[in-house]
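1. Sequence and predicted structure, then a few things I'm wondering about:
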Amino acid sequence: MITQDPIKIRIAEPHEAGAIAAIVVAAYAKWVPLIGREPMPMRVDYEKAVREHRFDLAVEGETILGLIATVPHPDHLWIDNVAVAPVAQGRGIGRMLLASTEQRAIAAGHPELRLVTNGAFESNVALYTRIGFVVDRIEDFLNGKAVYMRKPLHET
């Protein structure tokens, strides 16, 4: 009988910056034709970002399946990026990362989560809405729309 390792979430190590960058590029590549440019997460220096911000990884055995990057602020926890490797998409990994981050934010006393996504990424906006995020505002950004969203947190 073949058993599969359970998916675990752990904090990224600085030496994993290259693997993180590769997942981000692969995950966001599908949006390039839609918006006519690389999405902002594809332009990040991940060597620097992993040193400066928290990245939580969804891993199965030794394989990184996805990531979420967060930055704490006094009045919220900012979600800077959520990306899942294309081969792992559709398995609920993004939702798992978001749920884990929400629990961590509640434990740290953050009253809400916030993020921004491209308005052209309609499936992402729909996912965030389904899990409790609301649109805070929409702004023009690089010939498109930046959709700022927030999710108030309550201890359960």
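-> Looks like it came in fine. Residues are numbered from 1 along each chain as shown.

2. Now do the helix of greatest length in the chain: which elements does it pack against?
-> Longest helix in the chain by number of residues (criterion: DSSP state H): helix 93-107. Here helix 93-107 touches strand 7-11, strand 54-60, strand 63-73, strand 76-84, strand 112-118, going by 3 or more C-beta pairs under 8 Å, 6 or more residues apart in numbering; DSSP states H and E. Where C-beta positions appear, they are placed from N, C-alpha and C, glycine not excepted.

3. Which of the helices and strands in the protein ranks last by mean pLDDT?
-> Least confident helix or strand of the chain, by mean pLDDT, DSSP states H and E, is helix 32-35 with a mean of 85.

4. What residues of that helix count as buried?
-> Neighbour counts over helix 32-35 (16 or more other C-beta atoms under 10 Å) mark Ile35 as buried.

5. Kindly format the C-alpha coordinates of that helix as CSV.
-> Output in CSV follows, covering the C-alpha atoms of helix 32-35 (Å, rounded to 0.1, in the frame of the first residue of the first chain):
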residue,chain,number,x,y,z
VAL,A,32,0.4,37.2,-18.1
PRO,A,33,-1.7,36.9,-21.3
LEU,A,34,-4.8,38.3,-19.5
ILE,A,35,-3.2,41.4,-18.2
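
6. Give me the angle between the longest helix of the chain and strand 7-11.
-> 50 degrees (axes from the mean of the first three to the mean of the last three C-alpha atoms, to 10 degrees).
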